[in-house]
Structures are given as C-alpha cells and as structure tokens.
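Engineer: pasting the structure only:
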C-alpha cells in the first residue's frame, strides 16, 4: 500500500469516527440540556477518550454545533426532496418529508427545534436557517418562487412555528396518524395563504393551493 492509499484509508476512518460521535451526540443532547452534560459524560457515553472529541470538534460547543448542523442538513434535504411534481403536490411532499423525518429521527428533530435556543446565538441562527429553507420550499410550491413580501413571509413563519409545535406534540404522543397530521397542517396552510391574500392582494391564494386529500 502506497502513501496515498494509506492517507485515504486514514481519512475514511476519520470521517466514520466523526460521524459516529455526532450520532451519539444527537441522542444525548435530545434528552439533556447543553449545560447538563460535561465532556466527561459525553466521552463515557461514546466509549472514547475525551481527547478524541476535542481532536475532532475543538470544544464542547463545537461538538454541539456540528450535531445541530448535521441534523438540519438531513431535515432540509428530506423536506425539499420534491422532484418535478406540480406545485400543490410539492407542498404535500414537503410536509410529508418533514413529518417522516421527525417521526424517524425524533431525537434529532427535538435537537433542531429546541436544542440550544435561548442561550446560543449560533444554534438559533442554524434553526432560523432551516425555517427559511422550509418557508422557501412552501413558497415555491404555493407561488412558484421563494421570494415573498415581508407580510407573507411573516405569516408563513407563524404557520411554520405552529408546524413545529404540532410536530413536537405528535411525536411525543403518537395518538394521531401521520396522514391526519399532514392533512391538519395542509388545512392550516390553506388558511394562512388566504390570510396572506387579504394583506397582500398581489399574492392571491393560488388556484392550486393545497387542499385536503
């Protein structure tokens, strides 16, 4: 094996180990606050020396931000995977992808929505980023473009905050099926689009606006 091959194998191992540490962190920080976990606690749960976490992430905060960013990337990718569907179907697919991600990755979802907000401006900025990505995806489905006037953006942001609350409650109780939750959120979105039309007549609720199945 030559030097290039050895370096490549070392890089692969490094990437895999980093991913393993992030996976452990997702679970830990979903159930405990940032301040409640020490680096010793994290290392013990991960089954590694504390120095290894510092090696990959420099600090506890760097580790936490890496976990949040990884979770956000997964969520945005899942929600935005709508292919070449018609606009109304894109909205349904976006919401379905969002709910499926939350259902299958509950710890990661809770970390995205609730982790760190209120004490870490970087974490809040990451969450704001995923919100903007979701608003853009819904706007493309409803209006064909992500650009919105401020009132319309605020209305969709209010709806999305409601989506987060509904989703957190849903995955915490699981008394309602995913299809029903999606239908509820679609109806709420339809009403939001109608309100946007009242305040911004130049953005009428589209004829293809999502309806209940």
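Structural biologist: Structure received. Quick caveat, the model's predicted, so the values are computed rather than measured.
Engineer: Report pLDDT for residue 135.
Structural biologist: pLDDT recorded at residue 135 is 90.
Engineer: Find me the pLDDT at the spatially closest residue to it that is not a sequence neighbour, would you?
Structural biologist: Spatial nearest neighbour of residue 135, excluding adjacent residues (C-beta to C-beta, 6 or more residues apart in numbering): residue 156 at 4.9 Å. (Each C-beta comes from the backbone N, C-alpha and C, glycine too.) On the pLDDT scale, residue 156 is placed at 95.
Engineer: What strand or helix carries residue 156?
Structural biologist: helix 150-173 (DSSP states H and E).
Engineer: How far off centre is that helix?
Structural biologist: 12 Å (C-alpha atoms, centre = their mean, to the nearest Å).
Engineer: Following element in sequence after that helix, please.
Structural biologist: Next element after helix 150-173 (DSSP H and E): helix 178-199.
Engineer: Report the rounded mean pLDDT for that following helix.
Structural biologist: Mean pLDDT, helix 178-199: 94.
Engineer: With stretch 92-107 instead?
Structural biologist: 83.
Engineer: go on, stretch 67-83?
Structural biologist: So the average pLDDT for stretch 67-83 ends up being 72.
Engineer: Same question for stretch 17-28.
Structural biologist: 89.
Engineer: what number of residues lie near residue 76?
Structural biologist: When neighbours are counted by other C-beta atoms under 10 Å, residue 76 registers 21.
Engineer: In this model residue 130 seems to touch it, though I could be wrong.
Structural biologist: Yes. Counting by C-beta atoms under 8 Å, residue 130 is a contact partner of residue 76 at 5.7 Å.
Engineer: about what we covered before: who are the packing partners of the helix holding residue 156?
Structural biologist: helix 87-104, helix 106-114, helix 121-143, helix 178-199 (3 or more C-beta pairs under 8 Å, 6 or more residues apart in numbering; DSSP states H and E).
Engineer: now the angle from the longest one to helix 87-104?
Structural biologist: In other words, helix 121-143. Orientation check (axes from the mean of the first three to the mean of the last three C-alpha atoms, to 10 degrees): helix 121-143 against helix 87-104 gives 150 degrees.
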